[in-house]
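K.L.:
Give the three-dimensional model of this entry:
(2 chains)
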Amino acid sequence: MATKVNLHNLHCFSEHDKLVTLNRLAVTNPDLMPHQVAVATGCDLNEAMQVLMLLYDMHLAEAYTLVYHTTHSDGPPAEVLRAEISAGLPSFPLRCPLCQEEINSSDEVTYGFLFVLSQGIQFVAETEESTTWGEQ
Amino acid sequence: MNHTKDRAREILLEAVEQVRTKFGWSAGRIKAELFTILPGWEYDEYLYTPDETLGTRIADYKQWRETRTGEDPGELMEEIACLAFRCLKGWSSMKSFQSYGPQHDLVISGSSPAWGLFMEYLHLPPTGRTILVEAKNQDDRVSDSQFSRLCSIVGTKYRETAHLGVFFTRNGASGFPTGADPDSSEVRQRSLKDARATQVIFHAATRKFVVVLEDGDLQRLTEVGALPRILEAKIRDVEDTAGLPPQFNENGTETDLPPHLSQYAQE
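P.N.:
Predicted structure coming up:
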């Protein structure tokens, strides 16, 4: 059974359609990144991150920091590290697993976030005055 | 979508602030991990970025300290305090006034999510959203009576909303340990007296804090992250009462260990 997550405090998701889209996204993508949520629902990146961090706070998702090597000598940025978000910023030096170059500072990398849902979720927007249920 | 370090930190910490404000630490996982997450993401650097004006006035302060000319010493110290708090994220109100009661050099308040998380970082209760600041650029150390006056204002007039008072001084306050060599057992205070005793007794009675920034602290205010880092250490020191001022190394970490232990903390 899906766990209900009430987003009534996030203004963006007071719109029924956005809530429905968010629920569909969570069903089809157990791995979610903030920009995916933002693009799919039309909320901004900060609101998307708030939804995902709320899931983390409720033990409904694990949260990871992704570190990419941007000055990768061969092709697009390569993921060099995936660490739990609570571990904080990475310590340098790191070594790129693809090009084997040593990475010595944050100037040579970019960061992203990944949330892995650990169970079924049903997003709702329930207030005392009104109830809006998102379809799943 | 990938981000620079600063932007990633901003996205994450703003989300932490909002979850705290809007959902009240819904299930408490972030709350439980807060003091792992905040230092890990260099929260103090996110909170405080000194600007050029502050750097200029601190340079002026250093020059004034040598020549003792060209500045009103009291106003210079008030400006440094004002500029430093201005560089702190999340404040919404900064006042300096005299009403029916005593004059306040600075009364700084915030109601934003960023300010609320800052209060939590300082170990202050969520209701304490006001910080009182007193600037004292005097040759003597702040006396017990001067210290007690700020304690009284924090404890009475601002009883419900303030849990922190901050002195900006050149020479510290009476009875406080000085910044001498921490390896020397002779400099470690083993007794409480004067303003230092008042600080500890006031905290024991009210759970509120009044802390003192002095010359070395003022000069560090040009470093990114310095003000919250110093305030947090000074607040913790009220309960530690270690007998030495908080000491930071070049990495911003703080140690107070005998030689056989300090070797491990430096690794």
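K.L.:
most centrally placed residue in the chain?
P.N.:
All of this is about chain A. By Cα atoms, centre = their mean, chain A has its centre lying nearest to residue A:33, at 3.4 Å.
K.L.:
actually chain B
P.N.:
residue B:231 (2.1 Å).
K.L.:
what's the burial count for the residue lying closest to that one once chain neighbours are set aside?
P.N.:
Nearest residue to residue B:231, sequence neighbours excluded (Cβ to Cβ, 6 or more residues apart in numbering or on different chains): residue B:122, at 6.0 Å. In short, each C-beta sits where N, CA and C put it, glycine included. If you count neighbours by other Cβ atoms under 10 Å in any protein chain shown, residue B:122 ends up with 19.
K.L.:
need the contact list for residue B:122.
P.N.:
B:164, B:228, B:231-232, B:235 (Cβ atoms under 8 Å, 6 or more residues apart in numbering or on different chains).
K.L.:
For chain A, see how far away it is.
P.N.:
19 Å (Cβ to the nearest Cβ, to the nearest Å).
K.L.:
State the pLDDT value of that residue.
P.N.:
Residue-level confidence at residue B:122 comes out at 93, pLDDT.
K.L.:
Name the SS class of residue B:10, please.
P.N.:
Taken by DSSP: H, G, I helix; E, B strand; the rest coil, the conformation at residue B:10 corresponds to helix.
K.L.:
how deep is it tucked in, by neighbour count?
P.N.:
Look at residue B:10: counted by other Cβ under 10 Å, it has 16 neighbours.
K.L.:
just checking, it touches residue B:46?
P.N.:
Yes. If you go by Cβ atoms under 8 Å, residue B:10 and residue B:46 touch, sitting 6.6 Å apart.
K.L.:
nearest spatial neighbour of the closest residue to chain B within chain A, skipping sequence neighbours?
P.N.:
Chain B sits closest to residue A:88 of chain A, with a gap of 1.9 Å, by Cβ to the nearest Cβ. Among residues not flanking residue A:88 along the chain, residue B:40 sits closest, at 1.9 Å (Cβ to Cβ, 6+ apart).
K.L.:
and that neighbour, what does it touch?
P.N.:
Per Cβ under 8 Å, 6+ apart, neighbours of residue B:40: A:86-89.
K.L.:
Look up how far residue A:57 lies from it.
P.N.:
Distance, residue B:40 to residue A:57, using Cβ to Cβ, to the nearest Å: 16 Å.
K.L.:
Residue A:40 too?
P.N.:
Residue A:40 is 22 Å from residue A:57, by Cβ to Cβ.
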